[in-house]
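> Model the structure of this input:
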Amino acid sequence: MHIPDGYLGPETLAAGWAVTVPIWYRANRRTKRLLSQPKMIPVLAFGAAFSFLVMMLNVPVAGGTTAHAVGAVLIAVIAGPDIACLAVSAALVIQAFFFGDGGVLTLGINVLNMAIVMPYAGFTVYRLVAGDSDLQSSRRLWAAGIGAWCGLVAAACLNSIELGIQPLLHTVNGIAQYFPYGFKTTLPAMVGSHALVVGPIEAAFTVGVFAVLRRQSPELFAASGATQPIRRRWIVALLAVFIAAVPLGLIASGGAFAEWDKGELRKKLGYVPKGFARLGGHWHGLLPDYSWNGASGVWTVVSYVVSALVGVAVLLAIVWLVIRLRHRAAVHAQPAAQAQVGPPPVDGAL
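Residues are numbered from 1 along each chain as shown. Next up, the predicted model:
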């Protein structure tokens, strides 16, 4: 679902950034008070690392391609869609810049699909299905699973529209200048595979992780003002399980649909679209495709696990830095606010 650079025309790129940036700003503003609570710091860190690891677990789908879950709705169920938006966005940024997974120019579109549409749509469905049911009820499990499936399919649907509209917008003399396939290909490839294969997987692990956390760490789901400390051992244990499972993502053969490089496009089309030649393939990341040059055999597995550890470490460092800077800004803002208010009036003052 990561759209590379060169697949989308400038109009689509601009539209993606125009929608994403204001929602980023809004989510950041809405989470300032929430992230001042100590319990939300590990939640944000866990959410970003969890989403990053889940997206490394590729599964085979129709047509010899692969796809992956995202985990955005699970984060939204735990901490709300605004936290999920920031957490998944952080994971996507690290993937693009460190590992070349998804484009730098298309980052706004990829965030829109996976970090905005998926958590907000999935969380809305979750709340509608869950209603006022108890946290430990089976209805909550159904709500989490249905919300996860709906959120992923909504993101895949938007992805297929963004790709499928390119031949309509950018075709010269019958030759596509950017992504070459229309809706007849993108809709079944993206929506079909995610609705039938990846969606149920996303729903299953969302329900599984939700079931474990609500029983072992119910304080995660407490009201935002709750001060009960979090038992972090279950969060750490789950991250360790996902890191250990990361090599399973190498079992699926073939690449993801619409994530082909220049060579693969030339084989499929007989040419490289001019838009892709101009915008695509310029940034490959520090560890391209979660590996290093020359890695083969067991070293492929080692490099994949090392990439997972590097990604998690960088995300945790970013979360720590952001929280640290916010705390420092809040401390500096308090004396200024007190100075504006001034000293309390004395008795008899007008």
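
> Which residue ranges of the protein form strands?
Here the chain has its strands, by DSSP state E, at 59-61, 65-67, 171-172, 175-176.

> The second one packs against which elements?
So the one you mean is strand 65-67. Strand 65-67 sits against strand 59-61, with contacts defined as 3 or more CB pairs under 8 Å, 6 or more residues apart in numbering; DSSP states H and E. For the C-beta atoms, the positions are set from N, CA and C on the backbone; glycine is no exception.

> Sheet-wise, list the partners of the strand it packs on with their directions.
Here strand 59-61 is paired, per DSSP bridges, with strand 65-67 (antiparallel).

> Name the residues that touch the partner strand?
Contacting residues not belonging to strand 65-67 are listed as 1, 58-61, 189, 193-194, 197-198, 252-257 [CB atoms under 8 Å, 6 or more residues apart in numbering].

> and the closest residue to P288 other than its chain neighbours, what is it in contact with?
Closest residue to P288 apart from its sequence neighbours, by CB to CB, 6 or more residues apart in numbering: G100 at 4.7 Å. Contacts for G100 (CB under 8 Å, 6+ apart) come out as 283-285, 288-289.

> As CSV, these with neighbour count would be great.
Below are the contacts of G100 laid out as CSV (neighbours: other CB atoms under 10 Å):
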residue, neighbour count
W283, 14
H284, 11
G285, 18
P288, 15
D289, 16
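
> how about stretch 309-325: buried residues?
Neighbour-count burial for stretch 309-325 flags 310-312, 314-316, 318-319, 322-323 (criterion: 16 or more other CB atoms under 10 Å).

> Closest one of those residues to R232?
L316 (12.4 Å; CB to CB).

> With P60 as the reference, measure out to the closest residue to that closest one other than its chain neighbours.
Using CB to CB, 6+ apart and skipping the chain neighbours, the partner closest in space to L316 is A45 (5.2 Å). A45 sits 31 Å away from P60, taking CB to CB, to the nearest Å as the criterion.

> more crowded one of these two?
Neighbour count, other CB atoms under 10 Å: between A45 and P60, A45 has more, with 23 against 15.

> That one contacts V322, doesn't it?
No: using CB atoms under 8 Å as the test, A45 is too far from V322 to be in contact (10.0 Å).

> Now I323: closest residue in space that isn't a chain neighbour?
I41 (5.4 Å).

> thinking again about what came up before, show me which of the buried residues of stretch 309-325 is closest to L35.
Nearest to L35 among those is I323, at 6.4 Å by CB to CB.

> For the closest one, list the residues it contacts.
So I323 contacts 35, 41, 44 (CB under 8 Å, 6+ apart).

> Look at it and report its pLDDT.
pLDDT for I323: 77.

> if I look at it, how far off is V236?
Plainly put, I323 is 18 Å away from V236 if you go by CB to CB.

> Check L35 too.
From L35 to V236 the distance is 20 Å (CB to CB).

> Those two: which has the busier surroundings?
Legend: neighbour count by other CB under 10 Å for L35 and V236, higher for L35 (21 against 12).

> wait, doesn't the more buried one sit right on L44?
Yes: at 6.7 Å, L35 counts as touching L44 under the criterion of CB under 8 Å.

> what is in contact with the two at once?
With CB under 8 Å, 6+ apart as the test, L35 and L44 both reach 83, 323.

> that older thread, indicate which one of the strands of the chain is closest to P22.
Here strand 65-67 is closest among the strands of the chain (CB to CB), at 29.0 Å.

> Which residues are in contact with A27?
82-83, 85-86.

> Nearest the geometric middle of this structure, what residue?
V88 (3.1 Å; CA atoms, centre = their mean).

> can you pull the contacts of that residue?
So V88 contacts 47-48, 51, 70-72, 75, 111, 114-115, 118-119 (CB under 8 Å, 6+ apart).

> Name the nearest of these relative to T185.
Using CB to CB, those come closest to T185 at M114, 20.9 Å.

> Return the distance of the closest one relative to G102.
Relative to G102, and taking CB to CB, M114 is found at 9 Å.

> can you map out the helices along the stretch 251-350 of the chain?
Ranges of helices within the stretch 251-350 of the chain are 262-269, 274-279, 298-341, based on DSSP state H, counting those that start in this stretch.

> Ok, the stretch 1-150 of the chain next?
Using DSSP H, counting those that start in this stretch, helices in the stretch 1-150 of the chain cover 10-31, 40-54, 72-79, 81-99, 107-111, 118-130, 138-164.

> looking at these, which is buried most?
helix 72-79 (a mean of 29; mean count of other CB atoms under 10 Å).

> Who are the packing partners of that helix?
helix 40-54, helix 81-99, helix 118-130, helix 138-164, helix 199-216.

> For I243, which of the ones you listed is the nearest?
Across the helices and strands packed on helix 72-79, closest to I243 is helix 40-54 (CB to CB), at 6.4 Å.

> Now do that closest one: which elements does it pack against?
helix 72-79, helix 81-99, helix 233-245, helix 298-341.
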